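Engineer: Structure, please.
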Amino acid sequence: MDFSELHRKLIAAARKDAPSDKVPLSFEKRIMAHLGRGPILDDSAAWANALWRALAPCATIMVLLIAWSVFVGQANAPVTDLGQDFDNTVLAAVGQDQPVDTTW
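Structural biologist: Below you'll find the predicted structure:
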């Protein structure tokens, strides 16, 4: 198909059919009414949607990291009593002879 010939025929047909000067009643009001009906964007809904989509990958990564830390931690670390270590850390300042600062 020759595009130049098709273009020439379409332009000739368009020139024969002149557009009307009459505009339908309330045409501009109908157009303006359609322009105002855009979707209202809700920022909180967009954030909620994004957070719900991120839930599954984050939960998967969390479970994999927990499993990795448990398996690697059991293989490499010696067995210690974490409760005793915690008590020693929290109560470390109690046994020291330091004056109590009551200014604050």
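
Engineer: and after the helix or strand hosting residue 65, which helix or strand comes next?
Structural biologist: Assessed by DSSP states H and E, residue 65 sits inside helix 43-76. Where DSSP H and E defines the elements, the next helix or strand beyond helix 43-76 is helix 82-90.

Engineer: List the residues that contact the residue of the chain positioned farthest from its centre.
Structural biologist: Taking CA atoms, centre = their mean, the residue of the chain most remote from its mean C-alpha position is residue 16, at 54.5 Å. Applying CB atoms under 8 Å, 6 or more residues apart in numbering to residue 16 gives no contacts. Where you see a C-beta, it was placed from the backbone N, CA and C, and this is true even at glycine.

Engineer: Make 30 the first number, not 1, from now on.
Structural biologist: Yes, from this point I'll number from 30; that puts the last item at residue 45.

Engineer: so how far is residue 37 from it?
Structural biologist: Distance, residue 45 to residue 37, by CB to CB, to the nearest Å: 13 Å.

Engineer: What of residue 81?
Structural biologist: Counting by CB to CB, the gap from residue 81 to residue 37 is 57 Å.

Engineer: What's the mean pLDDT across the helix holding residue 94?
Structural biologist: For helix 72-105, the mean per-residue pLDDT is 90.

Engineer: and what of stretch 121-133?
Structural biologist: 66.

Engineer: same thing with stretch 44-56?
Structural biologist: 81.

Engineer: Please list all residues in contact with the one residue sitting closest to the centre of the chain.
Structural biologist: Computing the C-alpha centroid of the chain and ranking residues by CA atoms, centre = their mean puts residue 79 first, at 3.4 Å. Contact analysis of residue 79 by CB under 8 Å, 6+ apart lists nothing.
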